[in-house]
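can you look at this prediction? I've put the sequence above it.
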Amino acid sequence: EIMKEVSGLKVLEAGIEEKLGISKVVVVPGDSDQSPWVKKEMGRACVNTMRKRFHDENIIAVAGGTTISSVAEMMKPDTKNRELLFVPARGGLGEKVQNQANTICATMAEKAMGNYRLLHIPDSLSHESYQSMIEEPSIKEVIGLIKNSSMVIHGIGDAKTMAQRRKTAPENMQKIEQAHAVAEAFGYYFNEAGEVVHKVQTVGMQLADLEKIECVIAVAGGASKAKAIRAYLKKAPHTILITDEGAAKELIRE
Ligand code: BG6
């Protein structure tokens, strides 16, 4: 029975790799929309994928959200004692503290017995404060680490869900809706074609930086996120996707 299930998931993985044109997909059993523990299984799968790709020295940029929080929960010390430095991918995006990249980054580093650096930046900044903040030596240093990271771990969200969760200002809410945004990842909103339609202003990793990063892992599951996952991956083909059966079955359908 177990072997049958495993081979079924392998077929799903290969099918999605072909359909989305990405090179690596991992599918865990279940649907995280229905069963919260499935997020932990995605977390475990992500940790395994990370460990296979570590070098002797690593800078790992981590985004926020409940899924990446599960990755942190499942993190364990590296058996090979490699150097692991964790940084938040971007500054504040308006999330509750438990969903913030800073919080998750610190937890992940502690569980991995690695080191971490944090970004202390307010969620919304005027243009002037933003310009002077990024000149602060301590912030500049962390931004430098982020831009040089060897690995990025991020979630993908449904655009509307994320905009509401972050208490987005009405004018931006309207912009996001009018542009038919369906996906959101680290502060960027995307339409069905995978084009950016809105972005939250903050420091750290920018979308264009991703192309230069060797290993980019997106962790997102639940049938309700299939549309968002598909849209986001249209313009991010070198991403490794960790997902669940719930999202996978939707992704393979059309
Ligand atoms: C974060 C990303 O990692 O995960 C967000 O930065 C994304 O952009 C979010 O939308 C998804 O959150 P959750 O709680 O559904 O995992």
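On my side now, so go ahead. Numbers count the residues shown, from 1 in each chain.

for Leu119, what are its contacts?
87-88, 90-91, 101-102, 139, 142-143, 146, 203-204 (CB atoms under 8 Å, 6 or more residues apart in numbering). Every C-beta, even on glycine, is put in place using the N, C-alpha and C of the backbone.

ranking by neighbours, what's the top pick from these?
The most crowded member of these, judged by other CB atoms under 10 Å, is Ala101 (31 neighbours).

surely Ser132 is within a strand?
No - going by DSSP: H, G, I helix; E, B strand; the rest coil, the assignment for Ser132 is helix, not a strand.

that one - how many residues pack around it?
Using other CB under 10 Å, Ser132 is surrounded by 11 other residues.

check contacts around it.
Contacts of Ser132 by CB under 8 Å, 6+ apart: none found.

for it, give its distance to the ligand.
Taking CB to the nearest ligand atom, to the nearest Å as the measure, Ser132 falls 25 Å from the ligand.

one more: Gly187?
Distance from Gly187 to the ligand, by CB to the nearest ligand atom: 6 Å.

OK, contacts around that residue?
So Gly187 contacts 90, 93, 199-200, 202 (CB under 8 Å, 6+ apart).

for ChimeraX, what selects the buried ones among these?
Per 16 or more other CB atoms under 10 Å, the buried members of the contacts of Gly187 correspond to this ChimeraX selection:
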select :90,93,200,202
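
now the contacts of Gly187 as JSON lines including secondary structure?
Formatted as JSON lines, the contacts of Gly187 follow (three-state DSSP):
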{"residue": "Arg90", "secondary structure": "strand"}
{"residue": "Leu93", "secondary structure": "coil"}
{"residue": "Lys199", "secondary structure": "strand"}
{"residue": "Val200", "secondary structure": "coil"}
{"residue": "Thr202", "secondary structure": "coil"}
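
now distance to the ligand too, for the contacts of Gly187, in CSV please.
Shown next, in CSV, are the contacts of Gly187 (distance: CB to the nearest ligand atom, whole Å):
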residue, distance to the ligand
Arg90, 7
Leu93, 7
Lys199, 11
Val200, 9
Thr202, 11
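
need the contacts of Gly187 in JSON lines (columns: pLDDT and distance to Tyr116).
Shown next, in JSON lines, are those (pLDDT from 0 to 100; distance: CB to CB, whole Å):
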{"residue": "Arg90", "pLDDT": "93", "distance to Tyr116": "15"}
{"residue": "Leu93", "pLDDT": "86", "distance to Tyr116": "18"}
{"residue": "Lys199", "pLDDT": "95", "distance to Tyr116": "25"}
{"residue": "Val200", "pLDDT": "91", "distance to Tyr116": "22"}
{"residue": "Thr202", "pLDDT": "87", "distance to Tyr116": "18"}
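
and the longest helix belonging to the chain, what does it pack against?
Ranked by residue count and defined by DSSP state H, the top helix of the chain is helix 2-20. Counting contacts by 3 or more CB pairs under 8 Å, 6 or more residues apart in numbering; DSSP states H and E, helix 2-20 packs against strand 24-28, strand 239-244, helix 245-253.
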